[in-house]
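*Asks:* requesting a structural model of the entry that follows:
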Amino acid sequence: MHRPDIICFLETKADSSTTALNFMRRFGFDRDHQIFSQGMAGGLWLFWRSLAVCLDVLHSSPQFIHCVASHQQATCLFTFVYVQPHVIQKDSFWCQLREVASLTTENWIVMGDFNDILTVDEASPRAARGFIRTQQFRDRVSSCGLHSIDSLGCKFTWVRKQNGRVVLREKLDIALFNLRALESFLGAKVFNLPRLCSDHHPLLLCLDSSSLMRKASKPLRFEAAWLTHADFGQVFTNAWSAHGALIANAIKSVQEVCMQWNKEVFGDIFRRKRQLKGRLEGIQNSVHYPTSRFLQGLESDLLTEYHRALQSEELFWCQKSRVEWIASGDRNTSYYHASTIVRRNRNRISALKVDGNWVKDPPALQQHIRDFFVELFSRKDTQSSHIDYSAFQPRLSEADSAALLLPVSLEEVRSALFSMKALKSPGPDGIQPIFYQKHWEVVSDTLVSFINCALLDGHFEPSLLRAYIVLIPKGENPDVIQ
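*Replies:* So this is what the prediction gives:
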């Protein structure tokens, strides 16, 4: 059973009702704010428990209620919306929402019935809404700095029926987060609850992710931003060359040396950027700046360092976002940053249905997933099949067989390495393909020798076989594991 602290009813089509007010009071909702309907159209009614959440309504209109809510240590702006379906009212709503967005720097979540869809897939039949309308809606959402997050449950949140039959389904009800809210509530999830008394599915927003966000030990990761540092190439080369004859020893040497170099030299990109910005501000505010060649020269050097830090920051977020470069040389840091947060939220599995019930407790989820894969990969009692391999005739000619036994060439290894995506997820050693690609001249002999020895002897260091197995959702809004 769900126990929300804030409830907002949309399109109430009614004025104040003492019966409804008393009913909500019985469930502990002692505070409310109402926008009366205009005839039989519109109407919003916001309820909250004052003992659980501190809420103040900042602004309201016939189409939304804008408020600030605080709970424990978290504060967030909420805008509960019912966007009327007429063009003039829609234009008016988005004009007002852009004004709110321009003044907002805090956590901000907008949710409700937008009477529009983000993609043509969010309507069934798909031809129900045109591409132009969906593109306009996406542009409006983007203009406010908002991002949609995936929801769990039914794909569509509204149905239209004619003569008792469903003729149209659409996802009109969604939750939108600004970037700061995405960062603050990484485990936030939206549930589309069953539709019982309306043609809309209720939305349940769960922000209390403290139990879902217990930090596990992070795996070792090489940062692609290191490649922007002038000294890194030599650091990598020296570490690899010290044990270049054996690839396992070379990898271990590179790990230890590069991690130490990161700690002592490269450091925190964001802290370094703040420090450089502070030093530049101090120089430019100095009374001696206009006449001091030293300060002006130092400013030039610090600006070069600052732009290098910006490049490192952009590469850092590009690596995290798993997004290909938009255009070399463009500054796309904010895009990569937002992509990273959205991707993490989409890939995070914080709730699943077990025996028809939603389970959000992390230990219970872990046990359920483990049990599934143990069952999936366990040996089962099956009747063994006897195959007469003598019936198979060799299909390779002697020349082809001999060609397969030839040593692997340098060009073959290079072609295979450079066909890999540079920033693909690495294994436990933390080294992505881009590091081997950038230092091909250093690592090539060791790689070719390792591959040929492995093919010839069939033996190599077992640690090189270690890999991560990660459960990544392959479908939209997964609710069961199968």
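*Asks:* let me know the pLDDT of Ala128.
*Replies:* Listed pLDDT for Ala128 reads 56.
*Asks:* can you check Thr304 too?
*Replies:* Thr304 carries a pLDDT value of 85.
*Asks:* now Phe78
*Replies:* With respect to pLDDT, Phe78 scores 96.
*Asks:* do the one 4 residues further on as well
*Replies:* Tyr82 carries a pLDDT value of 94.
*Asks:* show me what contacts it?
*Replies:* Residues in contact with Tyr82 (Cβ atoms under 8 Å, 6 or more residues apart in numbering) are Leu10, Glu11, Gly42, Gly43, Leu44, Gln63, Phe64, Gly112, Asp113. All C-beta spots, glycine's among them, are computed from the backbone N, C-alpha and C.
*Asks:* the last one pairs with what?
*Replies:* Meaning Asp113. Note on Asp113: beta-bridge partners Tyr82, Asp173, judged by DSSP bridges.
*Asks:* one step back: of the contacts of Tyr82, which is the nearest to Pro85?
*Replies:* Set against Pro85, the nearest of the contacts of Tyr82 by Cβ to Cβ is Asp113 (9.6 Å).
*Asks:* what segments of the stretch 351-482 of the chain are strands?
*Replies:* Under the criterion DSSP state E, counting those that start in this stretch, the stretch 351-482 of the chain contains strands at 352-354, 357-359.
*Asks:* among the ones you listed, which is nearest Ala69?
*Replies:* The minimum distance between Ala69 and the strands of the stretch 351-482 of the chain falls on strand 357-359, with 23.7 Å, by Cβ to Cβ.
*Asks:* which residues are in contact with that closest one?
*Replies:* Leu152, Phe191, Ala351, Leu352, Lys353, Leu365, His368.
*Asks:* count the neighbours of the nearest residue to Ile431 once chain neighbours are set aside for me.
*Replies:* Nearest residue to Ile431, sequence neighbours excluded (Cβ to Cβ, 6 or more residues apart in numbering): Phe222, at 5.2 Å. Applying other Cβ atoms under 10 Å, we find 21 residues neighbouring Phe222.
*Asks:* and among the strands of the stretch 351-482 of the chain, the most buried is which?
*Replies:* strand 352-354 (a mean of 17; mean count of other Cβ atoms under 10 Å).
*Asks:* if we can go back for a sec, pull out the buried residues from the contacts of strand 357-359.
*Replies:* Buried members of those, scored by 16 or more other Cβ atoms under 10 Å, are Leu152, Phe191, Ala351, Leu352, Leu365, His368.
*Asks:* how about the helices in this structure?
*Replies:* In the chain, the segments counted as helices under DSSP state H are 18-26, 87-102, 131-143, 179-184, 232-241, 247-261, 269-284, 293-321, 333-347, 362-377, 398-404, 410-418, 433-438, 440-457.
*Asks:* can you list these in TSV and add distance to Asp5?
*Replies:* Below are the helices of the chain laid out as TSV (distance: least, Cβ to Cβ, whole Å):
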stretch	distance to Asp5
helix 18-26	13
helix 87-102	22
helix 131-143	26
helix 179-184	17
helix 232-241	50
helix 247-261	44
helix 269-284	34
helix 293-321	33
helix 333-347	22
helix 362-377	22
helix 398-404	67
helix 410-418	54
helix 433-438	46
helix 440-457	56
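*Asks:* go through those helices and name the closest to Val167.
*Replies:* Across the helices of the chain, closest to Val167 is helix 131-143 (Cβ to Cβ), at 18.8 Å.
*Asks:* next, the angle from that closest one to helix 87-102.
*Replies:* Interaxial angle of helix 131-143 relative to helix 87-102 (axes from the mean of the first three to the mean of the last three Cα atoms, to 10 degrees): 30 degrees.
*Asks:* run through who's touching helix 131-143.
*Replies:* Helix 131-143 has contacts (Cβ under 8 Å, 6+ apart) with Trp94, Arg98, Ala101, Phe114, Asp116, Ile117, Leu118, Thr119, Val120, His147, Ser148, Leu176.
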